[in-house]
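Fold the following, please.
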Amino acid sequence: MTGIIIQARMGSTRLPGKILKPLVNKNILEHIFYRLSFLQHEVKVILATSDSSKDDVVEGFCKTKNVDCFRGSENNVLERYYLCAKKNGFQNVIRLTGDNPFTDIEELDNLISFFENKKLDFANSFSVMPVGVGAEIFTFKALEDSYINGKLPHHLEHVDEYLIENPRLFKTGILHVPITKNFPKVRLTIDTPEDFRKAELILKHAKSEFVKTEEAIQLCLQFA
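Okay, the predicted model is just below:
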């Protein structure tokens, strides 16, 4: 089974509580769940938050949306992912984060197909797409190797660091995306109040609620 694990917690340093902050007609997590409803591949979606009391509200929100919630270490995100994936018996894991309301679902479907067809250990589209639009997928075995061997602080904080740093240990690939989406310097994530303001403008001026990446890029450049 392939699982999507969305890491999200209330304790953002630059924009606290952003994941549940209203963003036009939905909060950020609701935008993510809405977009994932269009995914063609069959997956199980789980939101992985921390076991800190301040994230009780996140678990409560998941219950209202009928989304599975896993709780684990606040700071050891690698462990949180590993234990979540192990508990749910995932063979492959897609990593998303709770501050990206514009994830490209078409390219996420393409990424899954690319990963499966090439029989890769690790693949991503985030390195060739706007920040906050792409994704990554890895086998449970690759995640387990990272969990066992990734002991440095940045390995624990960022799930993919051990994979990225050891390309000779894993069969990796980068998804080819259309040139109209190949804008890795454009920010479509929400990390700061300015990012949030820009996301609001994009959603208010977009042609439809499901904002396509090409349109999001052009609106982002327009409101820069």
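
Quick check, pLDDT for the residue most central in space within the chain.
The residue lying closest to the centre of the chain (Cα atoms, centre = their mean) is residue 96, at 1.4 Å. Looking at residue 96, its pLDDT is 98.

The helix or strand harbouring it pairs with which strands, and in what direction?
Using DSSP states H and E, residue 96 maps to strand 92-97. Strand 92-97 pairs in its sheet with strand 2-7 (parallel), strand 136-139 (antiparallel), by DSSP bridges.

okay, those, which one's buried deepest?
Comparing the strands paired with strand 92-97 by mean neighbour count (mean count of other Cβ atoms under 10 Å), strand 136-139 ranks first with a mean of 24. From N, CA and C alone the C-beta is placed, and that goes for glycine too.

one step back: out of the strands paired with strand 92-97, nearest to residue 48?
strand 2-7 (5.1 Å; Cβ to Cβ).

need the helices for this protein, in chain order.
Ranges of helices in the chain, per DSSP state H, are 28-36, 56-64, 77-88, 105-118, 140-149, 153-157, 161-165, 193-205, 213-222.

I'd like those helices written out as JSON lines, with distance to residue 130, mean neighbour count and mean pLDDT added.
Below are the helices of the chain laid out as JSON lines (distance: least, Cβ to Cβ, whole Å; neighbours: other Cβ atoms under 10 Å; pLDDT from 0 to 100):
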{"stretch": "helix 28-36", "distance to residue 130": "15", "mean neighbour count": "20", "mean pLDDT": "98"}
{"stretch": "helix 56-64", "distance to residue 130": "26", "mean neighbour count": "15", "mean pLDDT": "97"}
{"stretch": "helix 77-88", "distance to residue 130": "22", "mean neighbour count": "20", "mean pLDDT": "98"}
{"stretch": "helix 105-118", "distance to residue 130": "11", "mean neighbour count": "18", "mean pLDDT": "98"}
{"stretch": "helix 140-149", "distance to residue 130": "25", "mean neighbour count": "18", "mean pLDDT": "98"}
{"stretch": "helix 153-157", "distance to residue 130": "23", "mean neighbour count": "15", "mean pLDDT": "95"}
{"stretch": "helix 161-165", "distance to residue 130": "19", "mean neighbour count": "18", "mean pLDDT": "97"}
{"stretch": "helix 193-205", "distance to residue 130": "11", "mean neighbour count": "17", "mean pLDDT": "96"}
{"stretch": "helix 213-222", "distance to residue 130": "6", "mean neighbour count": "18", "mean pLDDT": "97"}
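
Many thanks, have a good one.
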